[in-house]
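Visitor: A predicted structure for the sequence below; I have some questions about it.
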Amino acid sequence: MPTPWKRSAEELHKTYIANTEAFYKAVGRGLSGELDEFITNCALGLWQGSPAVTEAHVECANQLYSKGSQSPRWLLWDLTEKVCAAKAFLPPLFFWNLTDTDARRGTENSRIFIRMLTNILLYLAAADDEVTVSEAAYITDCTDKLSAICDGAGVKKSKAPLNAAEFVTSGEESFTVKNAASASSASGEKVKESAAAATEQPRPFLEELMEQLESLVGLESVKKDVKSLINLIKVRRLREENGLPNAAMSLHMVFLGNPGTGKTTVARLLSGIYAAIGVLSKGQLVEVDRSGLVAGYVGQTALKTQEVIQSAIGGVLFIDEAYSLSSGGENDFGREAIETILKAMEDHRDDLIVIVAGYDEPMEGFISSNPGLQSRFNKYMYFPDYKGDELLAMFKNNCKKGGYTLSEEAEAFAVDYFNEMYEERDENFGNGRDVRNRFEDMISRQANRVAAMEAPGKDDLMTVLREDMLPAAEEA
């Protein structure tokens, strides 16, 4: 058994900076605010498994800030109250986006993030020189949930994080359990309620998720459909509570639209929204395509598909280009995957939602290929191509997040460029993906130009000129 980790608050901050800076070097500093808040929330949940909340924990909490950010100012009573009320671990939205990028580019930044988080949480667990079984279990739960998202996205395997169970030095019961057991009087009851709340399943804030939905460029009809669906579910709940009957209802959906129109993003938000209103127990999104479901030999497809389904229970299974499962003829293994999914939709109808997505016409053929699909998928959402002004808005959002400023000439050029992109689109039009490609190309062009300058200042590093945009358009 390793010796207990004894680290001062100052040493913890050095460790925090070293880990986060290594992470920012890979993904950029734009996540620093979200990351600090996320790890602070992890610390609150972690310390519910500590024997007590002490000044040592306060000192550690005050060290959880990235380079250039403001140091927190926790007080003992405030931290104690927040620890009592902390909810179970919930993967952050930025991590889902990170896994998407890794899967697309063949990188492993999301795996690096898991190792970074494990290192930091182990230091935080040892703030009082003891690592309890509960604290180790919390860290393991965090890493397991994040690793499952990486696996589901197809992120390549990497070096595994430390095993938190190997660092346990104390089996003493947790802070919330001790306080709930010993408490009496009104204040004691409040601690009991807080401890009970902390053991509930995680629930993301509905308002926050709806704000994220509203912030998406375009997709007005989709946003309207989502709101109507939420209202329908709420009314059904009210009818149940008042003893009124409800007609049978399926929440499985078909997303129709071209690539890059936001289908995966909306599916991810929907999974969180369903968890927030109590339809799903977890709210994770597991995204697959044919290759993630179909095997090359008889009998293996069902096993492969069942494994994916198990990882999706409690959340949403999102099948992109689902029509490919039915396009191989009667003897194709895709048919086996469809039958396995249909059975799971029935067996887990109370805690699994399946969303199938793809181009309009092929998806209509897919749904018509099997009576079971027709009966279970009766909700359709249409994702139209982004228009020129919407493509421009997405591009400018990327610039803002990346710390770039368009000059007047560059912006004027971008207006014409994206309008032309929309007007001359063909079957290969990539929508948001084309915008992302143009943005990445612009970054490369601007970097080449700035690197040739003798002593570029901050404005030079941020400003995008027309010439940084022009080659991308000419080559496209």
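Guide: Right, received. Where do you want to start?
Visitor: and for the closest residue to residue 274 other than its chain neighbours, the neighbour number?
Guide: Leaving aside its chain neighbours, residue 274 sits nearest to residue 280 (4.4 Å; criterion: C-beta to C-beta, 6 or more residues apart in numbering). Every residue, glycine included, has its C-beta placed from N, CA and C. Applying other C-beta atoms under 10 Å, we find 24 residues neighbouring residue 280.
Visitor: three-state assignment of residue 280?
Guide: For residue 280, the secondary structure call by DSSP: H, G, I helix; E, B strand; the rest coil comes out as coil.
Visitor: just the pLDDT at it, thanks.
Guide: Note on residue 280: pLDDT of 88.
Visitor: ok, it touching residue 313?
Guide: No. Contact criterion C-beta atoms under 8 Å: residue 280 and residue 313 do not qualify, at 9.2 Å.
Visitor: show me which residues of the helix or strand encompassing residue 413 are buried.
Guide: Per DSSP states H and E: residue 413 is located in helix 408-423. Residues of helix 408-423 classed as buried by neighbour count (16 or more other C-beta atoms under 10 Å): 410-411, 413-414, 417-418, 421-422.
Visitor: give me the common contacts of residue 280 and residue 313.
Guide: 351-352 (C-beta atoms under 8 Å, 6 or more residues apart in numbering).
Visitor: pLDDT below threshold where in the stretch 351-476 of the chain?
Guide: When residues are selected by pLDDT under 70, those of the stretch 351-476 of the chain lie in 471-476.
Visitor: who touches residue 159 in this structure?
Guide: Taking C-beta under 8 Å, 6+ apart as the test, what residue 159 contacts is 111, 115.
Visitor: look up how far residue 104 lies from it.
Guide: 21 Å (C-beta to C-beta, to the nearest Å).
Visitor: my guess is residue 462 meets residue 406, correct?
Guide: No. Checked against C-beta under 8 Å, the pair residue 462 and residue 406 is beyond contact range at 9.9 Å.
Visitor: among these two, which residue is more densely surrounded?
Guide: A count of neighbours by other C-beta under 10 Å puts residue 406 above the other of residue 462 and residue 406, at 23 against 16.
Visitor: related to what we said a few turns ago, hmm, who's touching the helix holding residue 413?
Guide: The contact list for helix 408-423 (C-beta under 8 Å, 6+ apart) reads 385-389, 391-392, 395-396, 406, 429, 434-435, 438, 464-466, 468-470, 473, 476.
Visitor: how close does the residue nearest to residue 274 get to residue 393?
Guide: Distance of residue 280 to residue 393, given as C-beta to C-beta: 31 Å.
Visitor: one step back: so which of the contacts of helix 408-423 are in strands?
Guide: Here DSSP state E is the test, and these give 406, 464 as lying in strands.
Visitor: among the contacts of helix 408-423, name the buried ones.
Guide: By neighbour count, with 16+ other C-beta under 10 Å, the contacts of helix 408-423 hold 385-386, 388, 391-392, 395-396, 406, 429, 434-435, 438, 464-465, 468-470, 473 as buried.
Visitor: now do the helix or strand residue 338 falls within: distance to the chain's middle.
Guide: Element membership for residue 338, per DSSP H and E: helix 334-347. Relative to the centre of its chain, helix 334-347 is centred 26 Å away, using C-alpha atoms, centre = their mean, to the nearest Å.
Visitor: ok, residues contacting the next helix or strand after it?
Guide: Note on helix 334-347: by DSSP H and E, the next helix or strand toward the C-terminus is strand 353-358. Strand 353-358 is contacted from outside by 251-257, 263-264, 267, 270-271, 274, 279-280, 315-324, 341, 345, 363, 366-367, 376-377, using C-beta under 8 Å, 6+ apart.
Visitor: next: stretch 59-70.
Guide: Under C-beta under 8 Å, 6+ apart, the answer for stretch 59-70 is 9-10, 12-13, 16-17, 20-21, 24, 29, 32-33, 35-36, 39-40, 43, 71-74, 79, 123-124, 127.
Visitor: among the contacts of strand 353-358, name the ones in strands.
Guide: 253-257, 316-320.
Visitor: taking these together, which two end up most distant?
Guide: Pairwise distances across these (C-beta to C-beta) peak at 18.5 Å, for the pair 257 and 317.
Visitor: give me the more crowded residue out of these two.
Guide: residue 317 (29 against 22).
Visitor: that's a helix at residue 160, yeah?
Guide: No. Assigned with three-state DSSP, residue 160 falls outside any helix and is coil.
Visitor: which pLDDT value belongs to it?
Guide: On the pLDDT scale, residue 160 is placed at 71.
Visitor: and the gap between it and residue 144?
Guide: Applying C-beta to C-beta to residue 160 and residue 144 gives a distance of 11 Å.
Visitor: quick one: the helices in the stretch 51-200 of the chain?
Guide: For the stretch 51-200 of the chain, the helices defined by DSSP state H, counting those that start in this stretch occupy 55-61, 76-85, 93-105, 109-125, 133-153, 175-182, 185-198.
Visitor: so who does residue 376 touch?
Guide: Here residue 376 is in contact with 250, 252, 342, 345, 354 (C-beta under 8 Å, 6+ apart).
Visitor: residue 378 is in contact with the first one, correct?
Guide: Yes. With contacts defined as C-beta under 8 Å, residue 250 counts as touching residue 378 at a distance of 5.9 Å.
Visitor: the spatially closest residue to residue 463 that is not a sequence neighbour - how many residues pack around it?
Guide: Sequence neighbours aside, residue 405 is the residue nearest to residue 463 in space, at 5.5 Å (criterion: C-beta to C-beta, 6+ apart). By the measure other C-beta under 10 Å, the count of residues near residue 405 is 14.
Visitor: doesn't residue 460 make contact with residue 405?
Guide: No. The pair residue 405 / residue 460 is not scored as a contact, 10.8 Å apart, by C-beta under 8 Å.
Visitor: host element of the closest residue to residue 453 other than its chain neighbours?
Guide: Nearest residue to residue 453, sequence neighbours excluded (C-beta to C-beta, 6+ apart): residue 460, at 6.1 Å. According to DSSP H and E, residue 460 maps onto helix 458-462.
Visitor: tell me where the protein is predicted with low confidence.
Guide: Scanning the chain for pLDDT under 70 picks out the ranges 1-9, 161, 170-204, 298-299, 328-331, 471-476.
Visitor: the domain parsing of it - what is it?
Guide: Domain assignment for the chain by automatic domain parsing gives 9-198, 206-383, 388-475.
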